[in-house]
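>>> For reference, the sequence and a predicted model appear below.
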Amino acid sequence: MGVRTLAQTAVGDTFGPVTLPVSRETLVAYANASGDQNPIHQDEAFARSVGLPDVIAHGMWTLGAAGSVVEEWAGDGGRVVEFGTRFTKPVVVPAGGGEVEVSGVVKALDEQTRRATVELSATSGGAKVLGRCLAVVQLD
């Protein structure tokens with residue numbers, strides 16, 4: 001699929017859900033790449049000692065995972081011109097791994113600027129993990 005166009009986009013269009021797996025190995029790789037070595041993301045005993053149910057994913061990994069779904073829908077990551085969220089709950093990653101489910105809906109179109117505002121829903125373990133998650137995508 002190429003870059004999404006204004007002609008092929010309408011308010012109310014939906015995409016997903018897309019299920020994205022996350023493992024503890026993913027978290028170690030993300031920690032090494034980002035420099036965020038907080039033990040709540042890698043050490044189960046430490047995470048539990050501070051009141052968490054288990055190891056949790058980095059918030060920015062979660063946002064990036066949701067962003068990858070928008071990128072796929074847009075047809076090009078460079079088309080995502082704004083992206084923001086509120087973190088509502090952590091993504092718990094048990095020893096066997098976890099997952100994040102992401103879907104989106106087009107909430108608004110600006111024909112003059114050829115931009116779509118997309119609201120994303122991201123859940124893990126039945127809980128909403130991102131709130132007010134909005135992306136603005138430049139359309140062809």
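Happy to help now that I have it.

>>> what's in contact with the longest helix along the chain?
Longest helix in the chain, counting residues (DSSP state H): helix 59-74. Applying C-beta atoms under 8 Å, 6 or more residues apart in numbering, the external contacts of helix 59-74 come out as 3-4, 15-16, 18, 20, 22, 26-27, 30, 34, 36, 77, 79-80, 83, 85, 87, 90-91, 100, 102-104, 118, 120, 122, 129-130, 133, 135, 137-138. To be clear about C-beta, it is placed using only N, CA and C from the backbone, and glycine gets the same treatment.

>>> try 7 Å
4, 15-16, 18, 20, 30, 34, 77, 80, 83, 85, 87, 91, 100, 102, 104, 118, 120, 122, 129-130, 133, 135, 137 (C-beta atoms under 7 Å, 6 or more residues apart in numbering).

>>> Produce a PyMOL select command limited to the buried residues of these.
Applying 16 or more other C-beta atoms under 10 Å to the contacts of helix 59-74, the buried members can be selected in PyMOL as follows:
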select buried, resi 4+15+16+18+20+30+80+83+85+91+100+102+104+118+120+122+129+130+133+135+137
